[in-house]
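K.L.:
pasting the structure only:
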């Protein structure tokens, strides 16, 4: 009786042979030349349609991307999508905050910085450890220096727990509140 492991191995070898045969059929000189010619200007989806029209090969966009990777072609559409230095971006992860690109290389966190932090640092130097920059009027699009406030994390936490930052409070009142809270915290610290 043939054991199960032998059958599994035999099935694996035949599947591997079939996949190698498929690759050999797909990566023909016509396929490669068509890919090299149209890759810089077309998306992977458009390339898969071209492969079907010109060569009769049915491939998904994912297979086209893998083929370009296997053939050592870089995805030029990604290279051309790089944003220039000092460009701005926002998304849902930023909770409405605007980020600004400050470096060309490095990780994404090294390249992009929250704009209000960047504006504050340009005029006042680095943000002290344990501090945050908040908007005095609550408007995340107002980057004027008189609207940006550097507060300690404990003050910021107090403002958030009392929902003061999310309420519609004017800038002068918030500045007075921050000064009062900071003073109260220092008094409590000295009493200990």
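P.N.:
Structure's in. What do you need? Since we're looking at a predicted model, the values are computed, not measured. Residues are numbered from 1 along each chain as shown.
K.L.:
just the helices in the protein please.
P.N.:
Ranges of helices within the chain are 4-26, 29-38, 44-55, 61-70, 76-80, 108-111, 115-124, 153-161, 171-191, based on DSSP state H.
K.L.:
Next, find the distance separating the closest residue to residue 63 other than its chain neighbours from residue 55.
P.N.:
Once flanking residues are discounted, residue 63 sits nearest to residue 48: 7.3 Å by CB to CB, 6 or more residues apart in numbering. Every C-beta, even on glycine, is put in place using the N, C-alpha and C of the backbone. Residue 48 sits 11 Å away from residue 55, going by CB to CB, to the nearest Å.
K.L.:
and the residue most central in space within the chain, what pLDDT?
P.N.:
Nearest residue to the geometric centre of the chain (CA atoms, centre = their mean): residue 108, 6.5 Å. Predicted confidence (pLDDT) for residue 108: 81.
K.L.:
what's near enough to touch it?
P.N.:
By CB atoms under 8 Å, 6 or more residues apart in numbering, no residues touch residue 108.
K.L.:
Tell me the confidence at residue 7?
P.N.:
48.
K.L.:
Please read the previous query as pertaining to residue 32.
P.N.:
For residue 32, the pLDDT comes out at 83.
K.L.:
wait, isn't it in contact with residue 71?
P.N.:
Yes - taking contacts as CB atoms under 8 Å, residue 32 lies within contact range of residue 71: 6.5 Å.
K.L.:
could you measure the residue nearest to residue 63 against residue 68, distance?
P.N.:
Taken as CB to CB, the span from residue 48 to residue 68 is 12 Å.
K.L.:
More neighbours: those two, which one.
P.N.:
Legend: neighbour count by other CB atoms under 10 Å for residue 48 and residue 68, higher for residue 48 (21 against 18).
K.L.:
for residue 149, what are its contacts?
P.N.:
By CB under 8 Å, 6+ apart, the neighbours of residue 149 are 133-136, 174-175, 178.
K.L.:
Output these as JSON lines; include the columns pLDDT, neighbour count and distance to residue 127.
P.N.:
Below are the contacts of residue 149 laid out as JSON lines (pLDDT from 0 to 100; neighbours: other CB atoms under 10 Å; distance: CB to CB, whole Å):
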{"residue": "133", "pLDDT": "96", "neighbour count": "18", "distance to residue 127": "6"}
{"residue": "134", "pLDDT": "94", "neighbour count": "19", "distance to residue 127": "12"}
{"residue": "135", "pLDDT": "92", "neighbour count": "19", "distance to residue 127": "15"}
{"residue": "136", "pLDDT": "91", "neighbour count": "19", "distance to residue 127": "16"}
{"residue": "174", "pLDDT": "90", "neighbour count": "21", "distance to residue 127": "19"}
{"residue": "175", "pLDDT": "90", "neighbour count": "14", "distance to residue 127": "18"}
{"residue": "178", "pLDDT": "91", "neighbour count": "21", "distance to residue 127": "16"}
